[in-house]
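Participant: Dropping a prediction and its sequence here:
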Amino acid sequence: MTKLLVVVTVLAATLAGQGAAPFVGDWEGVATLDGGTWLYVLITFERAGRGTVAKVRLGNPAAAPSPAKVAIEGRKVRLDLGLGGRFDGALEDGGAPRLAGEWASGAQRVPLTFVRTLALRVDLVHEPKPPLPYPTEDAVVPGGAPGVRLAGTFARPNGRGPFPAVVFLHGFGAYDRDERVGDARPFYALSHALALAGVASFRFDKRGFGGSTGDWVGASPATLAADGVAAAHWLRARPDVDPARVAYVGHSEGGLLALLAAGADPAAAAAVAFAPPMLGGPAHCTSVLDAALGGAGANPFAAFLGRAAVARIAKT
């Protein structure tokens, strides 16, 4: 069935009372209405002088605001959008903050649960600025082969654990734990977003780069994926990580590595592949070489050596 994304927008409204402090921040939820329609809702509670305001957006986090009535009593909140609908809910106790209740629109009554989100807070291209509002620790953990040690950073959410966690896996090339490219540090930014959403993470320098030992040059995808599996084993041994909820997240070639790691790890909870290669590993590497070396003035010997390296990797 075709999914329709409803777009409505809501204006900031002043909240009465002093019980609004636990609500301050961004809350994101998606309700499934009758007929299979998805309704996206984003609420932002902010301090304004002695009071608090709520910005509510339906369907689009960048939508323009419209009027609304909001009331907070203790841990309960009511948001009345008039013809746009109404939400009644309350803060729930638990490891990760949740705002759970019911969305009403006309004759429809559907459950709707919000979680903390960074939709308006995090720049996923440039690095979040310290001080970070959650603890981190540097660690050196065993890699996927004897003598390989992976130097990385563990980011732990605030609150009570154990937390779900992810292992980050890099794209093709020599990358540090943040997968730094110029000013961009995507793994740093993603780990930041996850920590604020209640998910722990471990990101590490690729073997043979930064503080990690070993050599990534000539290493097969299966070999690199084994480093991710080793990092996942280290996470599961921590008391603040839920061993049943450890997943792999990879970018570019790391997307392929995430799938390989999940396939080799019976305990893997999930695998997320950002922009993975659509071709097989050797074919993908060859296509990258062809694109990089196909321009005018390309060194034929360099191209030969590159394809020989790909062939070697394919056999390991």
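Facilitator: Structure received.

Participant: Would you map the helices across the stretch 51-200 of the chain?
Facilitator: With helices called from DSSP state H, counting those that start in this stretch, the stretch 51-200 of the chain shows them at 186-196.

Participant: where does it have low pLDDT?
Facilitator: Applying pLDDT under 70 to the stretch 51-200 of the chain picks out residues 51-52, 59-68, 94-96, 117-127.

Participant: All the strands of it, residue numbers only.
Facilitator: Assigned by DSSP state E, counting those that start in this stretch, the stretch 51-200 of the chain shows strands spanning 51-58, 69-73, 76-80, 86-92, 98-105, 108-116, 136-142, 149-155, 163-169, 200-204.

Participant: got those strands as CSV, with mean neighbour count and distance to Trp27 columns?
Facilitator: C-beta coordinates here come from the backbone N, C-alpha and C atoms, glycine included. Below are the strands of the stretch 51-200 of the chain laid out as CSV (neighbours: other Cβ atoms under 10 Å; distance: least, Cβ to Cβ, whole Å):
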stretch, mean neighbour count, distance to Trp27
strand 51-58, 21, 9
strand 69-73, 17, 13
strand 76-80, 19, 10
strand 86-92, 18, 10
strand 98-105, 18, 5
strand 108-116, 16, 4
strand 136-142, 14, 25
strand 149-155, 21, 21
strand 163-169, 28, 19
strand 200-204, 27, 21
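
Participant: Please name whichever of those is nearest to Glu253.
Facilitator: The closest of the strands of the stretch 51-200 of the chain to Glu253 is strand 163-169. By Cβ to Cβ, the value is 8.2 Å.

Participant: strands paired with the closest one, and their directions?
Facilitator: For strand 163-169, the paired strands and their directions (DSSP bridges) read strand 200-204 (parallel), strand 241-251 (parallel).

Participant: Need the contact partners of the shortest one.
Facilitator: In other words, strand 200-204. For strand 200-204, the surrounding residues in contact (Cβ atoms under 8 Å, 6 or more residues apart in numbering) are 139, 141, 150-157, 161, 163-168, 177-179, 187-188, 190-191, 194-195, 212, 227, 231, 234-235, 240-241.

Participant: Return the angle between stretch directions for that strand and strand 136-142.
Facilitator: Calculated by axes from the mean of the first three to the mean of the last three Cα atoms, to 10 degrees, strand 200-204 forms an angle of 60 degrees with strand 136-142.
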